[in-house]
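J.: I'd like to go over a predicted model; first the sequence, then the structure.
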Amino acid sequence: MPDLKVLLSRETIAKRVAELGEEIGRDFRGQSIIFIGVLKGAAIFLSDLARQVPLDATFDFIGVSSYGNRPIAKEDPAGHAAWDSLGEVRLTKDMDQSLADRNVILVEDILDTGLTLNYISKLVQAHQPRSLRIAALLDKPSRRKQPIEVQYIGFTIPDAYVVGYGLDYAERYRNLPDICVLENM
């Protein structure tokens with residue numbers, strides 16, 4: 001069984017999400033926005049962030065999946081080979097609303113390699129939004145494979161496997177209120 005060590009407490013997360021909401025409110029004062037949440041991990045962050053933004057806002061969701069995975073040297077807590085993405089991403093759920101001439105904020109739980117966010121950004125740009133900005137709760141720059149500009153970053157974290165507040169390990173731990181490092185993997 002893996003150990004969980006709190007990296008970011010629920011209070012720390014709530015304070016930072018409120019600050020991000022205020023910043024977005026200032027940047028888009030008097031305008032409406034649409035949040036696009038990346039499923040499944042960003043759902044909790046999007047919900048909390050949207051409640052902190054004092055603007056007319058709607059949301060939609062997009063789903064993507066990495067494929068072309070390969071085993072890496074690490075093992076998961078059960079002793080199975082862990083997997084790392086080769087950078088191939090496919091769309092599993094498209095957005096339901098038109099983004100044409102709208103202010104879009106793409107909401108992601110964690111910015112890691114940059115591959116997924118670059119892929120999604122290109123998809124969103126093809127819908128010709130008025131503006132596109134990205135909000136990522138967590139940034140793990142040590143893992144970056146592709147550069148990407150993110151306007152709203154909650155926290156920069158070290159290269160550790162994190163769960164909670166929407167982030168999962170094999171669909172587990174998403175419901176934890178804190179962000180925890182999954183140790184002994």
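T.: Received the coordinates, thanks. All figures in this text were calculated on a predicted structure; none of them were measured in a lab.

J.: pLDDT at the closest residue to Q97 other than its chain neighbours, what is it?
T.: Leaving out its chain neighbours, the residue that sits closest to Q97 by CB to CB, 6 or more residues apart in numbering is D60, at 4.9 Å. Where you see a C-beta, it was placed from the backbone N, CA and C, and this is true even at glycine. Looking at D60, its pLDDT reads 94.

J.: tell me which residues in the helix or strand hosting D60 are buried?
T.: D60 belongs to strand 56-67 when elements are defined using DSSP states H and E. Buried residues in strand 56-67, defined by neighbour count with 16 or more other CB atoms under 10 Å: A57, F59, D60, F61, I62, V64, S66.

J.: Excluding residues flanking it in the chain, which one is nearest the second one?
T.: By the measure of CB to CB, 6+ apart, the closest residue to F59 outside its immediate chain neighbours is F35, 4.2 Å from it.

J.: Contact partners for F155?
T.: F155 is in contact with L8, R16, L137, L138, D139, counting by CB atoms under 8 Å, 6 or more residues apart in numbering.

J.: if we go to 10 Å?
T.: L7, L8, T12, I13, R16, I110, A136, L137, L138, D139, K140, I179 (CB atoms under 10 Å, 6 or more residues apart in numbering).

J.: just curious, which of the residues you listed is nearest to Q31?
T.: A136 (21.4 Å; CB to CB).

J.: quick one: the residue nearest to that closest one when sequence neighbours are not counted and E11, what's the gap?
T.: Leaving out its chain neighbours, the residue that sits closest to A136 by CB to CB, 6+ apart is L111, at 4.1 Å. Counting by CB to CB, to the nearest Å, the gap between L111 and E11 amounts to 23 Å.

J.: Look at the two and report which has more neighbours.
T.: Counted by other CB atoms under 10 Å, L111 and E11 do not tie: L111 has more neighbours, with 24 against 10.

J.: Show me what that one is bridged to.
T.: For L111, the beta-bridge partners under DSSP bridges are D139.

J.: so who does it touch?
T.: Counted by CB under 10 Å, 6+ apart, L111 has contacts 117, 134-141, 143-144, 148, 150, 153-154, 156-157.

J.: what number of residues lie near I179?
T.: Neighbours of I179 (other CB under 10 Å): 26.
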